[in-house]
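[1] no sequence on this one, just coordinates:
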């Protein structure tokens, strides 16, 4: 087994029963299936201590260290409120002292305190990272004059530039809680700014989005730990005021120069290789992915080849492996040198230097950081004559990453990367051990004439098995985060990986090594030809329609499935078989979630989009729902295309005011609005232009989505649910359920299940962010007028949310 002792090291008597125990288990030899099952379970339970001892003999306790530390970090991040730090610190110190005092003991006296130390250590690492980041997130959307220094830049597929700016000042109005960094899109044509330039312009900035539905991804969490406090766009072209005099020290200056080098390399690759192939090549080398067209990105995603875009373990392993094998083979040609010097270690050191340079020009992305650490651990293992491919190295890499960035444990990139790596290493170890136990038999395929066919079969089967293991091992996390499975990913990877392994990566590596000498063009063009073939494969496979939506999963699905996967992957004895019923339980939970009835009403976090669900029909108050929100709703709840709202001619006439005109409504206009809302049709929305939209549920409840705040009062008079983001009051005097902008800031997106009743006492309301107060959510509770933070909701709504969550 990789990272542990050989097979002969395990004790041979582990599965032998004592005579007394054997007598107890064989007392009733006759009986039905239930009794026989119970006897087998009893014998297996008696083997558990022996199997645990064997796992410890192979050094597998170290593998669980990264699991416990990561679990502690996850537990801290999912808490609804920040726990007190010092009690956990004191508990950590106490358990650490206890674990140190019992370090020579065996059994629970040593394992339990050590496990508590690792779990509490993960929690403390999460707390320290949150405190270290301290990102200020913008509390409310605003249009302002902003000046900032370019820290990063990237072009997208439509030729637009996105800049990450370090904010220096805001004006007209001046933002009170100004974020340190913002991400801004410049849609107007302009000369691209370089890293370090100061840009000034009129901008519209907003806080990062929260979950589109309860249980979905919180983009504010990612932005908080990325250090970006707002997103938005420039009005017109930004003004470039030239290079800013940085005062952040030598580290910021070095980072700025590395980003300059990264942008220069990416621009050079795209100029040498035009089109999507050049953008693809630049993404593989520098991790600038936005330049790839949306059509190609979608094809890569649907075909299961999107992992090639990111600088992941695959890219880093191929680059390091090609360099390592090439350097070792080249040095071995010089016999005298190869006999006098450790060629293998020199090649490993050169590969380590190469992947370090690769990481430095990659933009320090999460996937690149993780892949670099994993590859560095393996290459350092070669330098110290340790096994490079082992689960211990995977666990060590995970520990390093968790120590540096615990928040990455919750991200799909971390989970999918390590699940695939752990599964591949475990599969390699299983196959190696199996080969050792079975002596090779003479094979008719060992004739010289058939050796090329045998080599081709081994290569093809290796890619097939590798792709199958990678696809299956990442399916859990793909289902949880993206609510879909690419069913033809195996075929796409089988066709594309030879091109990546033998054309794209070797040509790209040669091109990068020769770029300083100006000899890179032929190799980059060859790389582009290979990527053209990969894109053609992706589009062909995507046309098969193998993207299967699976919907949002049960809250326990991820935890149960992950435990089952870890047992199957990390353990060596029959204890690993316990992972099978856990995975089966996860599938049962997934089926149970699919069988639940859908909510009746969906409300976006800003209240601008409302959906009414009736059977397999979906109606929205927007003729063109925002793709960013509705695509998440579609994937999570398996929705179809929404029906457009109808326009009310009477409502348009009754408006009597131009858009943006602030005057009191006339009684006739208010009566017309009440009448129009009261006559809302069942199962679809009817709208008055830029004023209100209304729909009626099957239970007879009326929903009113109010855009013009002047119509919030009339809507409250006749509707049962009112969504008015601009309304200045929190409750309807009629008793209708009211959601204004301040309420939605605190609750986030909402799901409302009417449960066939018109009485709101029986309704269930699930809020994405209610009753949660974490640092990446504090901007939702902040009032910039008073400078205070308030987490309370209107009493009726608060009680309904508490009852639903309980």
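    Arrived safely, thanks for sending. Remember, it's a predicted structure, so these values are computed and weren't measured experimentally. Residues are numbered from 1 along each chain as shown.
[2] Now do the same contact list for residue 602.
    Residues near residue 602 by C-beta atoms under 8 Å, 6 or more residues apart in numbering: 213, 610, 611, 613, 633, 637, 749, 750, 751, 752. Glycine gets a C-beta too; all of them are placed from N, C-alpha and C.
[3] The third one: neighbour count?
    To tie it back to what came earlier, the one meant is residue 611. Neighbour count for residue 611, taken as other C-beta atoms under 10 Å: 25.
[4] Can you verify it is assigned to a strand?
    Yes - assessed with DSSP: H, G, I helix; E, B strand; the rest coil, residue 611 lies in a strand.
[5] re the thing from before, in helices, which of the contacts of residue 602 fall?
    633, 637 (DSSP state H).
[6] Residue 794: which of the contacts of residue 602 is nearest?
    residue 750 (13.5 Å; C-beta to C-beta).
[7] how near is that closest one to residue 90?
    Here residue 750 is placed at a distance of 40 Å from residue 90 (C-beta to C-beta, to the nearest Å).
[8] Of the two, which one has the most company?
    residue 750 (27 against 11).
[9] Nearest residue to that one in space, ignoring adjacent ones along the chain?
    Leaving aside its sequence neighbours, residue 750 sits nearest to residue 603 (C-beta to C-beta, 6 or more residues apart in numbering; 4.2 Å).
[10] pretty sure that neighbour is touching residue 738, no?
    No - between residue 603 and residue 738 there is no contact under C-beta atoms under 8 Å: 11.9 Å.
[11] Would you map out the domains in the protein?
    What the record gives for the chain is the domain set 7-133, 142-245, 265-433+446-549, 557-595, 601-805, from automatic domain parsing.
[12] which one of these has the lowest average pLDDT?
    Among those, domain 7-133 carries the lowest mean pLDDT, a mean of 75.
[13] From the contacts of residue 602, list just the buried residues.
    For those, a neighbour count by 16 or more other C-beta atoms under 10 Å gives the buried set as 213, 610, 611, 613, 633, 637, 749, 750, 751, 752.
[14] Can you get me a residue count around the spatially closest residue to the fourth one that is not a sequence neighbour?
    The reference is to residue 613. Once flanking residues are discounted, residue 613 sits nearest to residue 598: 5.2 Å by C-beta to C-beta, 6+ apart. By the measure other C-beta under 10 Å, the count of residues near residue 598 is 16.
[15] ok, now how distant is residue 598 from residue 214?
    13 Å.
[16] and the biggest helix by length in the chain, what other elements does it pack with?
    Among the segments of the chain that qualify as a helix by DSSP H, the longest is helix 451-482. In terms of contacts (3 or more C-beta pairs under 8 Å, 6 or more residues apart in numbering; DSSP states H and E), helix 451-482 is packed against helix 412-437, strand 484-486, helix 489-499, helix 557-570.
[17] Make sure residue 410 is actually in contact with residue 77.
    Yes - the criterion here is C-beta under 8 Å, and residue 410 meets it with residue 77 at 5.9 Å.
[18] shared neighbours of these two, anything?
    Contacts common to residue 410 and residue 77, judged by C-beta under 8 Å, 6+ apart, are residue 221.
[19] Now flag whichever of the buried ones among the contacts of residue 602 is closest to residue 132.
    residue 749 (29.3 Å).
[20] Phi, psi for the closest one please.
    Phi and psi for residue 749, reported as degrees, to the nearest 10, are phi -60, psi 150.
[21] for the one 10 residues further on, same thing?
    Residue 759 has phi and psi values of phi -80, psi 120 when expressed as degrees, to the nearest 10.
[22] count of neighbours near it?
    11.
[23] residue contacts, it?
    Here residue 759 is in contact with no residues (criterion: C-beta under 8 Å, 6+ apart).
[24] let's have the chain start at 19 instead
    That works, and once the first residue is 19, the last one we named lands at residue 777.
[25] Quick check: the gap between it and residue 818.
    If you go by C-beta to C-beta, the gap between residue 777 and residue 818 works out to 12 Å.
[26] Check residue 555 too.
    According to C-beta to C-beta, residue 555 and residue 818 sit 51 Å apart.
[27] Kindly report the same for residue 755.
    8 Å.
[28] cool, and residue 427?
    With C-beta to C-beta as the criterion, residue 427 and residue 818 are 33 Å apart.
[29] Now do the same contact list for the residue nearest to residue 441 when sequence neighbours are not counted.
    Closest residue to residue 441 apart from its sequence neighbours, by C-beta to C-beta, 6+ apart: residue 491 at 3.6 Å. Contacts here follow C-beta under 8 Å, 6+ apart; on that basis residue 491 touches 437, 438, 440, 441, 442, 583, 587.
[30] would you list every one of the helices in the stretch 319-468 of the chain?
    Under the criterion DSSP state H, counting those that start in this stretch, helices of the stretch 319-468 of the chain are mapped to 331-350, 353-358, 361-378, 384-401, 409-422, 430-455.
[31] Does anything pack onto the longest one? Which helices or strands?
    By that I understand helix 430-455. helix 331-350, helix 384-401, helix 409-422, helix 469-500, helix 575-588.
[32] by how many degrees do it and helix 575-588 diverge?
    30 degrees (axes from the mean of the first three to the mean of the last three C-alpha atoms, to 10 degrees).
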